[in-house]
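Peer 1: Fold the stuff below for me.
(one chain, ligands or ions: 1)
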Amino acid sequence: MERLAFQKIAIIGLGPRGLGALEALADCATARGVRLEVDIFDTYPEPGAGPNFDPREPQHCLVNIPLRDIDLRRPEGLDLTPFAQWLGPRFGKDDFPPRAEVGQYLEQRFDKLKDTATMMTTRHYPEQVECLQRKDDAWHVHTGPNAHGPYAEVLMVPGQPPTRPDDQLADWKAHAADRDTTLAAAYPARALEKAAEQWSGQTLAIRGFALSSFDVIRVLTVGQGGRFAGGQYLASGQEPACIVPFSIDGKPPYPKPATGEIDARYEPTPDETEVFRKAVFEASKGTPEAAQAHLTDALATPVFRILSTFGTEGIRSAVGDWLAREWSDPGCQEDASALEVLKDGVAMAEGVSAPSIGYVVGQVWRKWQDPLRQAYNPANTPPATAAAIVGFDEGLKRYSYGPPVSACRELMTLIDAGIVSIEWARDPDISLMNTGWQLNVRDQSVTATVMIDAVLPSPDPQQVVSPLISGLMTDGYLTTLDDLGARTASDGRLIGDDNEPVQGLSLLGRLALGSVIAADSLHDCFGASSKRWAEGVLSRLS
Ligand SMILES: Cc1cc2nc3c(=O)[nH]c(=O)nc-3n(C[C@H](O)[C@H](O)[C@H](O)COP(=O)(O)OP(=O)(O)OC[C@H]3O[C@@H](n4cnc5c(N)ncnc54)[C@H](O)[C@@H]3O)c2cc1C
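Peer 2: Got it, this is the predicted structure:
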């Protein structure tokens, strides 16, 4: 009896990564013939989908991956329908499906796992975990007044918990509270859509011009009854008078190639991918300078080859110069305006114009996200090297995490129609007024009565507002890489302040950025990290 109780595992968080971890655990338990009991803790009402793929979110909030590339590893022991087949003919392979559809699919996967896993029983507690305690070699989970346990292993998969507002946001919160102005969050998008019913005819600003701003702009336009037809925007009359997105560099991300055929031109060869895998492996062990050299070499060959297939007069040194500038100041080298990025991006994505060096680098990097994770995540990368490689990856997201080309076309149409203005897109001076936020660029100004925050918060656990995370830091179980996320071992176990893996306590996902890379991805939730964690658990239990 005692031994059975000790086979108990707790999972904190049941978004896609919690589901991916459960599926990996079920597979390992079946393979090893070990019977497990798993308690899952999460108050969020959409098990398996989590907030980002919540089936209640509007249909116009899209996944940033075309259907042709969505590949969610399925556990071997469960007969699960692949996502594209489950969706049916409503979406083509080049479409970017709604995130809500992915969420519905993931919820059904969770139900199926719960009902049919042979070696694993699960119990779901809709409770928020506030604290973990270690006693007699086991973990105890505290959720307000309730205590659960003992557990041999605990996995935390909390996604991005709320964080302390940065200085700008803290000022703006105080400003909005004191005056008759509104500071709104981009998500949940359905709440924003409802609130926007009151904002018809007003001027709205959006802080952040990355992927989330595309969701926000759709919520404020098609979400208010407008529609696109024949290359035009047909307004409903419920829209804001003007939507003003802005960010530090003022540039939206570049769209992904429009079709599978165009995308195939950016495919690295298997040999190039193998060279890259080895380069990441070497890069993760050495200095930042050595990492730059290894990864630059691995990238230059396919980038040069691909550029040549487009007839681009790209000489090797130009590719090398571009990469060198990117390493020294990730994400900052292009000086194009927002409109130029949109126009050039659409032309390259649709195969109408030859791609720039940056566009090719970004697409190759996107196609290498899996080998990148596979080679980087198991390594114990020195902090400065981790910062350099993660910074490079984050900078390239302007290409590798791009929206569908249709979303960029729609944005251009809205700019033409005067509903979106990019006049203040690049790093405006912002003054707080009684009536809202005045954005100033040169001698032009505009005042927004509503400010929408569409900036993704930092993954630094020290900025997270969660008694669970802060308690673990105080107890020395959770330590961080400078300015990045938590230190974890290759199987996800936290590294404590004695520099050793903490027995039976793991963390997967965004809060471990630096120990892992490219974590903001659905594919990663169902990838090798979950498998390594599950195998580690099973080997320790048996
Ligand atoms: C707006 C948005 C859109 C995105 N779109 C895409 C996309 O299109 N494609 C893509 O590949 N990736 C996308 N991502 C990246 C995305 O983060 C991942 O794909 C995925 O949602 C991460 O899943 P997760 O389980 O790690 O986190 P989450 O889905 O956030 O789940 C974490 C869960 O943990 C629970 N939790 C947290 N703390 C506690 C606690 N103390 N006690 C109990 N429960 C707790 C939360 O309630 C939550 O349900 C998007 C991210 C955002 C923010």
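Peer 1: which residue sits closest to the residue in the stretch 301-450 of the chain positioned nearest to the ligand, ignoring its sequence neighbours?
Peer 2: Of all residues in the stretch 301-450 of the chain, Y401 sits closest to the ligand, at 8.2 Å by Cβ to the nearest ligand atom. (C-beta placed from N, C-alpha, C; glycine too.) Spatial nearest neighbour of Y401, excluding adjacent residues (Cβ to Cβ, 6 or more residues apart in numbering): N64 at 5.8 Å.
Peer 1: Would you agree the one you found is in contact with D215?
Peer 2: No. Assessed by Cβ atoms under 8 Å, N64 is found out of contact with D215, at 10.1 Å.
Peer 1: With neighbour numbers in mind, choose between those two.
Peer 2: Between N64 and D215, counting by other Cβ atoms under 10 Å, D215 is the more crowded of the two (23 against 20).
Peer 1: any idea of the pLDDT on the more buried one?
Peer 2: pLDDT recorded at D215 is 97.
Peer 1: before we move on, what about A5?
Peer 2: pLDDT for A5: 41.
Peer 1: Roughly how far does the residue of the stretch 301-450 of the chain closest to the ligand sit from D263?
Peer 2: Applying Cβ to Cβ, to the nearest Å, the value for Y401 to D263 is 15 Å.
Peer 1: burial measure for the residue in the stretch 401-542 of the chain that the ligand sits nearest to, as a count.
Peer 2: In the stretch 401-542 of the chain, the residue that lies nearest the ligand is L522 (3.4 Å; Cβ to the nearest ligand atom). Residues near L522, counting by other Cβ under 10 Å, number 22.
Peer 1: Against which helices or strands is the strand or helix carrying L299 packed?
Peer 2: Taking DSSP states H and E as the definition, L299 sits inside helix 288-309. Contacts defined by 3 or more Cβ pairs under 8 Å, 6 or more residues apart in numbering; DSSP states H and E place helix 288-309 against helix 270-283, helix 316-328, helix 357-367, helix 383-400.
Peer 1: per-residue confidence for L522?
Peer 2: pLDDT at L522 comes out at 96.
Peer 1: I'd like the distance between it and S421.
Peer 2: L522 sits at a distance of 33 Å from S421 (criterion: Cβ to Cβ).
Peer 1: Next: G231.
Peer 2: As judged by Cβ to Cβ, G231 and S421 stand 20 Å apart.
Peer 1: Which one's more surrounded, these two?
Peer 2: Using other Cβ under 10 Å as the criterion, G231 and S421 rank with S421 on top: 19 against 10.
Peer 1: which ones are touching Y151?
Peer 2: Residues in contact with Y151 (Cβ atoms under 8 Å, 6 or more residues apart in numbering) are 8-10, 39, 138-141, 504.
Peer 1: related to what we said a few turns ago, let me see the contact set for the residue of the stretch 301-450 of the chain closest to the ligand.
Peer 2: 64, 211, 253, 366, 520.
Peer 1: Which ones among the residues you listed lie within helices?
Peer 2: 211, 366 (DSSP state H).
Peer 1: Which of the helices and strands packed on helix 288-309 comes out lowest on mean pLDDT?
Peer 2: Of all the helices and strands packed on helix 288-309, the minimum mean pLDDT falls on helix 316-328 (a mean of 93).
Peer 1: quick one: contacts of that helix?
Peer 2: Taking Cβ under 8 Å, 6+ apart as the rule, helix 316-328 contacts 292, 296, 299-300, 303-304, 307, 333, 357-358, 361, 388, 392, 395-396.
Peer 1: State the pair within these that is farthest apart.
Peer 2: L307 and A388 (24.9 Å; Cβ to Cβ).
Peer 1: Low-confidence bits of this protein, can you list those?
Peer 2: 1-6, 313-314 (pLDDT under 70).
Peer 1: go again using 50 as the cut-off
Peer 2: 1-5 (pLDDT under 50).
Peer 1: near the ligand, which residues of it show up?
Peer 2: Applying Cβ under 6 Å from any ligand atom, one finds that the chain approaches the ligand through 12-18, 41-42, 44, 50-52, 63-65, 99, 128-129, 157-159, 161, 187, 212, 466, 468, 509, 520-522, 525.
Peer 1: returning to what we had before: can you state the direction angle for the helix holding L299 and helix 357-367?
Peer 2: Orientation check (axes from the mean of the first three to the mean of the last three Cα atoms, to 10 degrees): helix 288-309 against helix 357-367 gives 110 degrees.
Peer 1: Which helix or which strand is home to the residue of the stretch 51-200 of the chain found nearest the ligand?
Peer 2: Residue nearest to the ligand within the stretch 51-200 of the chain: G159 (2.2 Å; Cβ to the nearest ligand atom). Following DSSP H and E, one finds G159 outside all helices and strands.
Peer 1: next one: D491
Peer 2: Taking DSSP H and E as the definition, one finds D491 inside no helix or strand.
Peer 1: Distance of it relative to E153?
Peer 2: Shown here: D491 relative to E153, a distance of 11 Å by Cβ to Cβ.
Peer 1: quick one: which of those two has more around it?
Peer 2: For D491 versus E153, the count of surrounding residues by other Cβ under 10 Å is larger for E153: 27 against 20.
Peer 1: Surely T269 is in contact with I306?
Peer 2: No. Using Cβ under 8 Å as the test, T269 is too far from I306 to be in contact (10.3 Å).
Peer 1: neighbour-wise, which of those two wins?
Peer 2: Shown here are T269 and I306; by other Cβ under 10 Å, I306 has more neighbours (23 against 11).
Peer 1: can you confirm A26 is in a helix?
Peer 2: Yes. Counting by DSSP: H, G, I helix; E, B strand; the rest coil, A26 is found in a helix.
Peer 1: For G230, see how far away it is.
Peer 2: Relative to G230, and taking Cβ to Cβ, A26 is found at 50 Å.
Peer 1: Which of the two has more residues huddled nearby?
Peer 2: The residue with more neighbours, out of A26 and G230, is A26; 25 against 5, by other Cβ under 10 Å.
Peer 1: Excluding chain neighbours, what is closest to that one?
Peer 2: Sequence neighbours aside, A117 is the residue nearest to A26 in space, at 4.3 Å (criterion: Cβ to Cβ, 6+ apart).
Peer 1: Would you report the backbone torsion angles of the residue of the stretch 301-450 of the chain closest to the ligand?
Peer 2: Phi and psi for Y401, reported as degrees, to the nearest 10, are phi -110, psi 30.
Peer 1: so how far is T301 from it?
Peer 2: Noted for Y401: a distance of 24 Å to T301, by Cβ to Cβ.
Peer 1: Now for the residue of the stretch 201-350 of the chain found nearest the ligand: which residues touch it?
Peer 2: For the stretch 201-350 of the chain, the residue closest to the ligand is S212, as judged by Cβ to the nearest ligand atom, at 5.7 Å. Counting by Cβ under 8 Å, 6+ apart, S212 makes contact with 186-187, 454-456.
Peer 1: could you redo the last one with a cut-off of 7 Å?
Peer 2: By Cβ atoms under 7 Å, 6 or more residues apart in numbering, S212 lies in contact with 186, 454, 456.
Peer 1: nearest to L192, of those?
Peer 2: Comparing the contacts of S212 against L192 with Cβ to Cβ places A186 closest, at 6.3 Å.
Peer 1: List the residues that contact H60.
Peer 2: Contact analysis of H60 by Cβ under 7 Å, 6+ apart lists 218, 222-223.
Peer 1: how about 6 Å then?
Peer 2: If you count contacts by Cβ atoms under 6 Å, 6 or more residues apart in numbering, H60 has them with 218, 222.
Peer 1: swap in V102?
Peer 2: Contacts of V102 (Cβ under 6 Å, 6+ apart): 53, 63.
Peer 1: Let me know the helix or strand that it is in.
Peer 2: Using DSSP H and E, V102 falls within helix 99-116.
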